[in-house]
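Asker: Build me a model from this:
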Amino acid sequence: MAFTEISTRAAKARPARGRPKDPDKRLAILDAAKALFTAHGLAGASMEGIAQAAGVSKLTVYSHFQNKEELFRQTVFAKCEEHWPDVLFDTQARPPLRVRLLAIGQGFLDLVCSDDVINMYRLLATEAGGTGNFGRLFWEAGPDRTMMRFAQVLEAASQAGELQFADARRAASHFFMLLKGEHHLRCLLGAGPVLRGASRQAHIDEVVDLFLRAYAPPPPGPRGAREAPGRTG
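Answerer: Alright, predicted model coming up:
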């Protein structure tokens, strides 16, 4: 069973009263912002520079995005949506759980191992000791939002009797950290290549199977009950 392919572009902004905003200009601004934020960070990329790269006026940029911080958030949202269509996080979806986890895992590795995101992580590391909020904005718009959405998927699976755990958010974190493994760190450090092809798929399969075993519900029967992973007392 496979998921229906849907658009991976960022959702269009709801038009304000008055003249409708041009969705093509919005996308051009997002594309330009992604390139400049990745190359120069939040402090180094200016709204004027983004406007020039997008071929629009600075006033047009501000008509779509209130400020640079909001534009940065939207570029992170758009980048995530390229790899994670909303259907993957639909808590009402009924494909087998393993199929959904495999698709989410594939999208996650495609995202975090992309050149854009690797470069972004490296920039975040260099700016982490400064006074800006680049890292916080990235965390809130990307990893934190993703883990919250995935935790909702896991909660729905728990209610359906497919999983058992004490804390859905912690389980979500375990899943994504297992997927990163040592390979992502080596890639960040330039100490090894990105996993690709059959090797990447084998890693995803292994992680999904390990996750399902770790959070499997107890077997039926009066003596089948066991504590959920991470539960004490």
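
Asker: Could you list the domains of the chain?
Answerer: 22-72, 84-214 (automatic domain parsing).

Asker: Return the most buried member of the ones you listed.
Answerer: domain 22-72 (a mean of 17; mean count of other C-beta atoms under 10 Å). Quick note: C-beta positions are derived from backbone N, CA and C, even for glycine.

Asker: can you give me the mean pLDDT across it?
Answerer: On average, the pLDDT along domain 22-72 is 93.

Asker: Could you do stretch 151-168 as well?
Answerer: Stretch 151-168 comes out at a mean pLDDT of 95.

Asker: can you give me how far stretch 109-126 is from the chain middle?
Answerer: 12 Å (C-alpha atoms, centre = their mean, to the nearest Å).

Asker: Check the gap between Phe138 and Ala171 for me.
Answerer: Phe138 is 23 Å from Ala171, where distance means C-beta to C-beta, to the nearest Å.

Asker: Could I get the contacting residues of Ser63?
Answerer: Lys21 (C-beta atoms under 8 Å, 6 or more residues apart in numbering).

Asker: host element of it?
Answerer: helix 58-64 (DSSP states H and E).

Asker: SS state for Glu182?
Answerer: helix (DSSP: H, G, I helix; E, B strand; the rest coil).

Asker: mind checking pLDDT for it?
Answerer: According to the model, Glu182 scores 93 on pLDDT.

Asker: cool, and Ala93?
Answerer: Predicted confidence (pLDDT) for Ala93: 74.

Asker: Could you say which helix or strand holds it?
Answerer: Using DSSP H and E, Ala93 falls outside every helix and strand.

Asker: how close does it get to Pro85?
Answerer: 11 Å.

Asker: cool, and Leu137?
Answerer: Counting by C-beta to C-beta, the gap from Leu137 to Pro85 is 23 Å.

Asker: re earlier: go through the domains of the chain and name the closest to Ala78.
Answerer: Judged by C-beta to C-beta, the one of the domains of the chain that comes nearest to Ala78 is domain 22-72, at 5.2 Å.

Asker: Off-centre distance for the closest one?
Answerer: 21 Å.

Asker: ditto for stretch 114-127
Answerer: On C-alpha atoms, centre = their mean, the centre of stretch 114-127 falls 14 Å from the chain's centre.

Asker: From here on, call the first residue 35.
Answerer: Yes, from this point I'll number from 35; that puts the last item at stretch 148-161.

Asker: Now it: average pLDDT?
Answerer: 88.

Asker: Nearest residue to Pro146 in space, ignoring adjacent ones along the chain?
Answerer: Residue 146: Val, not Pro. Closest residue in space to Val146, ignoring its immediate chain neighbours: His218 at 6.1 Å, by C-beta to C-beta, 6 or more residues apart in numbering.

Asker: One more: Leu131?
Answerer: Glu196 (5.0 Å).

Asker: so which strand or helix has Arg60?
Answerer: Assigned by DSSP H and E, Arg60 falls in helix 57-78.
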